[in-house]
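A.B. asks: Output the structure for:
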Amino acid sequence: MKVDVLLGLQWGDEGKGKVVDVLTPRYDVVARFQGGPNAGHTLEFEGQKYVLRSIPSGIFQGDKVNIIGNGVVLDPALFKAEAEALEASGHNLKERLHISKKAHLILPTHRILDAAYEAAKGDAKVGTTGKGIGPTYTDKISRNGVRVGDILSDFEKKYAAAKARHEQILKEMNYDYDLSELEEAWFEGIEYLKQFQLVDSEHEINRLLDAGKSVLCEGAQGTMLDIDFGSYPFVTSSNTICAGACTGLGVAPNKIGEVYGIFKAYCTRVGAGPFPTELFDKTGDQICTLGHEFGSVTGRKRRCGWIDLVALKYAIMVDGVTKLIMMKSDVLDSFETIKACVAYKVNGEEIDYFPYDIEGDIEPVYVELPGWQTDMTKMQSEDEFPEEFNAYLSFLEEQLGVPIKIVSLGPDREQTIERYTGE
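C.D. replies: This next block holds a predicted model:
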């Protein structure tokens, strides 16, 4: 058996949670391979809305194994709040959720450091969510991290050493903080974490594959936020690309099967950083309003713009995408004209590839397509799609070289149309 991977192809917030939930019935296992509690995956069904931060989106399917992999960074306090809310709604997490012992813990001082580093950067700040994710990955890479498995032995000593090191940095930065409230909730989270199945996830996932089980790996954020291939330094602190599933779960490259790439019919970005197709006009505001483009965890307003096919082709290349999934098509239902960026103009020269740096003066080159001006939210099959929408899909497939397998027409589970079903 192979593992299939689901990835965001833009700057995150593409709607991965909903798609994982739609795809989950076909899989035995859903695994999260990177990121931290800044990644809010929103799922809506049966009149209820859920926001998942660290827990895989397959948790709502009763018979699935859900794995938090070693590439994830976990905040015990936030995990406890998220898990208890789900348990209160009738989902038995302790049976379904397995957590890698090799996942790194976000300490209370990591959150303080996150705020201190951002404050020190002033106008050059990255726009982090302040959840302590960057400092946790920094400790991981510098071999100073504390892992989930550490809570099982000699934990107080390991925690105290990490805390002392962080407090020395904060002292040197002359940063004022109060740790007491954060620390109290954090230690409650540690005790709660001990009630779960803490596993060697690399062994478990490979055993499941050998037993013929199907696995879906779920990424957080988006390809353009990858630490190596994103719009550095305005990126996240982990590898969000397909290769991250290998390192974040202990899966060999030859075990990767389908790679689902998910994107919006337009483009959004949260926080600071370059965004070539960003709109600063009424159209941008309209997309934001119609798309409810506010962060599910932070509530931050997302920056909105037309679809960027230069960045999208780049993401498809580095991820090895085999099937595309387009979200939020319905947001563009009322537009008379739709634009798509097919090239960048840099210093007067037109390029169709994603350059080393997109912070400079980049002018998007657009193609205009007629809008469909039809409410598509109630449509049940692709036979109902208006001609203009089909033309938009064909244009995108021609540009991107990968079939668009699934089209989403709204936030609900039911508002999902599969294409090429006869193949």
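
A.B. asks: And stretch 241-260, what's buried?
C.D. replies: Across stretch 241-260, burial judged by 16 or more other CB atoms under 10 Å covers 241-246, 248-251, 255-256, 259-260. C-beta coordinates here come from the backbone N, C-alpha and C atoms, glycine included.

A.B. asks: which of those sit farthest apart?
C.D. replies: Using CB to CB, the buried residues of stretch 241-260 span at most 20.7 Å, a distance reached by 250 and 260.

A.B. asks: circling back to that earlier point, is it possible to get the buried residues of stretch 241-260 out as JSON lines so that each row also shows distance to residue 377 and pLDDT?
C.D. replies: Output for the buried residues of stretch 241-260, formatted as JSON lines (distance: CB to CB, whole Å; pLDDT from 0 to 100):
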{"residue": "241", "distance to residue 377": "32", "pLDDT": "97"}
{"residue": "242", "distance to residue 377": "31", "pLDDT": "97"}
{"residue": "243", "distance to residue 377": "36", "pLDDT": "97"}
{"residue": "244", "distance to residue 377": "34", "pLDDT": "97"}
{"residue": "245", "distance to residue 377": "32", "pLDDT": "96"}
{"residue": "246", "distance to residue 377": "38", "pLDDT": "97"}
{"residue": "248", "distance to residue 377": "35", "pLDDT": "97"}
{"residue": "249", "distance to residue 377": "36", "pLDDT": "97"}
{"residue": "250", "distance to residue 377": "41", "pLDDT": "97"}
{"residue": "251", "distance to residue 377": "37", "pLDDT": "97"}
{"residue": "255", "distance to residue 377": "38", "pLDDT": "97"}
{"residue": "256", "distance to residue 377": "34", "pLDDT": "98"}
{"residue": "259", "distance to residue 377": "28", "pLDDT": "97"}
{"residue": "260", "distance to residue 377": "23", "pLDDT": "96"}
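
A.B. asks: Just these: which are in strands?
C.D. replies: Using DSSP state E, 256, 259, 260 are the members of the buried residues of stretch 241-260 that sit in strands.

A.B. asks: For the first one, list the residues it contacts.
C.D. replies: If you count contacts by CB atoms under 8 Å, 6 or more residues apart in numbering, residue 256 has them with 2, 3, 5, 242, 245, 246, 320.

A.B. asks: Now do the contacts for the fourth one.
C.D. replies: What it means is residue 242. Contacts of residue 242 (CB under 8 Å, 6+ apart): 5, 7, 256, 259, 318, 319, 320.

A.B. asks: which residue ranges form the helices in this structure?
C.D. replies: Using DSSP state H, the helices assigned to the chain run over residues 16-23, 76-88, 93-96, 108-121, 133-141, 155-172, 180-193, 201-210, 243-249, 282-290, 309-319, 387-400.

A.B. asks: Please pull out the lowest mean pLDDT helix or strand from the chain.
C.D. replies: Ranking every helix and strand in the chain by mean pLDDT, DSSP states H and E puts strand 41-45 at the bottom, with a mean of 67.

A.B. asks: and the closest residue in space to residue 24 that isn't next to it in sequence, how many neighbours?
C.D. replies: Take residue 24 and drop its neighbours on the chain: the residue closest to it by CB to CB, 6 or more residues apart in numbering is residue 58, 4.4 Å away. Applying other CB atoms under 10 Å, we find 27 other residues in the vicinity of residue 58.

A.B. asks: From what I see, residue 58 and residue 32 are in contact.
C.D. replies: No: using CB atoms under 8 Å as the test, residue 58 is too far from residue 32 to be in contact (9.3 Å).

A.B. asks: Overlap of the contact sets of those two?
C.D. replies: Counting by CB under 8 Å, 6+ apart, the common neighbours of residue 58 and residue 32 are 66, 218.

A.B. asks: Give me the pLDDT value at the residue located most distally from the centre of the chain.
C.D. replies: Distance from the C-alpha centroid of the chain, by CA atoms, centre = their mean, peaks at residue 348 (34.4 Å). Looking at residue 348, its pLDDT is 86.

A.B. asks: which stretches of the protein have low pLDDT?
C.D. replies: Regions of the chain meeting the criterion pLDDT under 70 cover residues 39-46, 123-128, 296-298, 422-423.

A.B. asks: Now the terminal residues of stretch 99-114, how far apart.
C.D. replies: 24 Å (CA to CA, to the nearest Å).

A.B. asks: cool, and stretch 349-358?
C.D. replies: Per CA to CA, the first residue of stretch 349-358 is 14 Å away from its last.

A.B. asks: Pull the residues that contact that stretch.
C.D. replies: Around stretch 349-358, the neighbours that count as contacts under CB under 8 Å, 6+ apart are 231, 274, 276, 310-311, 313-314, 342-346, 365.

A.B. asks: And the buried ones among these, selectable in PyMOL?
C.D. replies: The following PyMOL line selects those of those that are buried, judged by 16+ other CB under 10 Å:
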select buried, resi 231+276+310+311+313+314+342+343+344+346
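
A.B. asks: Need the contacts of stretch 349-358 in a markdown table (columns: distance to residue 204).
C.D. replies: A markdown table is the format used below for these (distance: CB to CB, whole Å):
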| residue | distance to residue 204 |
| --- | --- |
| 231 | 35 |
| 274 | 40 |
| 276 | 42 |
| 310 | 39 |
| 311 | 35 |
| 313 | 36 |
| 314 | 34 |
| 342 | 44 |
| 343 | 46 |
| 344 | 44 |
| 345 | 50 |
| 346 | 47 |
| 365 | 48 |
